[in-house]
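Colleague: Sequence first, predicted model second:
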Amino acid sequence: MGLNSKIKSLIFACCSTLAIGGLAGFASSRQNEKKCEKVTIKIDNEYNNYFIGDEEVRDLLTREGERKLEGLPNQQIDLKNLEKRIEAHSFVKEADVFRGLDGNIHVSIKQNRPIARIIRPDQDVYIDAEGTLLPLSDRYTARVIPITKSSAGKAFGRDFFQDSTGHAYLSLLQFIENDQFWKAQLAQMHIDAQGKVSFLPQVGEHTIEFGEPYRAEQKFKKLMVFYKEVLPVMGWDKYKRVNVEYEDQIICE
């Protein structure tokens, strides 16, 4: 390729870049001139959570009606600021606020998912799958396992489930949440002063002594053997306690 050909190619590339940039700038300018005529809100209720509704989201977007978005030019609407405002809500995990080609605003929200309810002397709270404590809601009550704790042990503080010890309890709760049978069967969880776990079942008069919150899969496998092979023969009211704490054995009394 000669020198002239290289120069021509370079000039063509520069002109193409300038043209594309100009078109993008023109499109952006036209987009900014458009007004928001409508705000569309989509709330993900994948887990049947209803902790936040359209009306609450609109209040967050408009500062409780002080600054409505409808009728505003796009250049006066800060999308990132709107996202931050929505994500400040306790039950919002993620928020995406974007502008459509027509200039209208679209809001997509993913909610936090509680997996347990912690019973405390002062006020109950939820805990989500990441170990974050969430307040109760006047709007909706989640059907999750309640947890009680001995007053002699470490209190359920905001960072309880974040350290190495508390994370073991969080892993146990995650296991229960992801197993449809145990999620339905376990009615309550208790942590005693030594940190050992016990459960009260939905069906049956027995207490399940689980022990420390480790080896969850192995312990629940043993417990399933008890449910499938022992209780159908002996009866659901035969035993008052079943212990799966120790390896390779089940104690029933």
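Modeller: Noted; the coordinates are in hand.

Colleague: is it true that Ile109 touches Ile52?
Modeller: Yes. Contact criterion CB atoms under 8 Å: Ile109 and Ile52 qualify, at 7.0 Å. Using the backbone N, CA and C atoms, a C-beta is placed for each residue, glycine as well.

Colleague: shared neighbours of these two, anything?
Modeller: Listed as contacting both Ile109 and Ile52 by CB atoms under 8 Å, 6 or more residues apart in numbering are 43, 92.

Colleague: Remind me what the one helix or strand Phe98 maps to packs against, helices and strands.
Modeller: Here Phe98, judged by DSSP states H and E, is contained in strand 92-99. Strand 92-99 sits against helix 79-87, strand 105-111, with contacts defined as 3 or more CB pairs under 8 Å, 6 or more residues apart in numbering; DSSP states H and E.

Colleague: And these: which comes nearest Glu253?
Modeller: strand 105-111 (43.2 Å; CB to CB).

Colleague: Next, the angle strand 92-99 makes with that closest one.
Modeller: 170 degrees (axes from the mean of the first three to the mean of the last three CA atoms, to 10 degrees).

Colleague: re the thing from before, deepest in the core, which of the helices and strands packed on strand 92-99 is it.
Modeller: strand 105-111 (a mean of 19; mean count of other CB atoms under 10 Å).

Colleague: Just want the angle from that one to helix 79-87.
Modeller: 30 degrees.

Colleague: partners of the following helix or strand past strand 105-111, with directions?
Modeller: Of the helices and strands lying after strand 105-111 in sequence (DSSP H and E), the nearest is strand 114-118. Strand pairing for strand 114-118, determined by DSSP bridges: strand 125-128 (antiparallel), strand 145-149 (parallel).

Colleague: Highest mean neighbour count out of those?
Modeller: strand 125-128 (a mean of 21).

Colleague: which residues touch the next helix or strand after it?
Modeller: Next helix or strand after strand 125-128 toward the C-terminus (DSSP H and E): strand 133-134. Identification of contacts with strand 133-134 by CB under 8 Å, 6+ apart yields 90-91, 112, 114, 118, 125-128, 156, 158.

Colleague: now do stretch 39-47
Modeller: So stretch 39-47 is in contact with 52-54, 57-58, 61, 69-70, 104-111, 113, going by CB under 8 Å, 6+ apart.

Colleague: and with 10 Å instead?
Modeller: Stretch 39-47 is touched from outside by 49-58, 61-62, 68-70, 82, 86, 92-97, 100, 104-115, 129, 142, 177, with contacts defined as CB atoms under 10 Å, 6 or more residues apart in numbering.
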